[in-house]
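Visitor: sequence first, then the predicted structure, then my questions.
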Amino acid sequence: MFVLEDTNSVANHFLAELRDINHQNDRLKFRKNLERLGEVMAYEISKSFNFHEVEVLTPLGAKNTYLIYEEPVLIAVLRAALPFYNGFLNFFDKADSGFIGAYRKEEGSQNTDIEIEYLYQATPEIDNKNLILIDPMLATGKSIVKTIDNLLLKGSPKSIQIVSVIAAPEGIDFINQSIKAPFKLWVCSIDKCLNEQSYIIPGLGDAGDLSFGDKI
């Protein structure tokens, strides 16, 4: 598991503003900070990919360098992931993309009661691809597990990278126990716990609502 906050960097500023109630009324800034963190995490994940040597011609000669051998497939869990996903797309600008419509049913009050409604899946070919699943909040982990289970019905990726901004220990434990295929988890920060309603404490609130407005 990779935790961005383990090493101090300017990314701490983006994450602090996401959490800060004094900044959260500015939706543009909130979305921009999610996008910035997506760019930072895309950069970190890129280091794990295979590269190949190519020759680049300049007006005055040639220079050998190393480029990513194969673009990943980006999968975003709607709607909260969209700004975070945009950061990845800024860096992996030739990547194929897919989108998942999944949401938490709110009837349950405990983690064990939470159910995930999986309504929509539009994804490209994932067989033998480097798959990046993008979901900013890893709370119970149930939506991520359900998404991975459904994606694996379509093919066998070369690698699975799961990326979140904020994760709860309970969600990390759940996906480690439930996902059978090999994967690596990348998070910006790990918080204290889930509360009785299975929201991350201290977290930042609802990333989708803060980005786009309250749900009806």
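Guide: Right, received. Where do you want to start? Remember, predicted model here, so these are calculated numbers, not experimental data.

Visitor: by contact count, what packs against the longest helix anywhere in the chain?
Guide: Ranked by residue count, the top helix of the chain under DSSP state H comes out as helix 27-46. If contacts are counted by 3 or more C-beta pairs under 8 Å, 6 or more residues apart in numbering; DSSP states H and E, helix 27-46 sits against helix 11-19, helix 82-91, strand 159-167, strand 184-190, helix 207-212. Where C-beta positions appear, they are placed from N, C-alpha and C, glycine not excepted.

Visitor: got the CA coordinates for the first one in PDB?
Guide: To tie it back to what came earlier, the one meant is helix 11-19. Extracted as PDB, the C-alpha positions of helix 11-19 are listed here (Å, rounded to 0.1, in the frame of the first residue of the first chain):
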ATOM      1  CA  ALA A  11       0.000  17.800  -1.700                       C
ATOM      2  CA  ASN A  12      -0.700  18.300   2.000                       C
ATOM      3  CA  HIS A  13      -2.000  21.700   1.100                       C
ATOM      4  CA  PHE A  14      -4.500  20.400  -1.400                       C
ATOM      5  CA  LEU A  15      -5.700  17.800   1.100                       C
ATOM      6  CA  ALA A  16      -5.900  20.300   4.000                       C
ATOM      7  CA  GLU A  17      -8.100  22.600   1.900                       C
ATOM      8  CA  LEU A  18     -10.400  19.700   0.900                       C
ATOM      9  CA  ARG A  19     -11.000  19.000   4.600                       C
END
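
Visitor: now for it, which elements pack on it?
Guide: Using 3+ C-beta pairs under 8 Å, 6+ apart, helix 11-19 is in contact with helix 27-46, strand 184-190.
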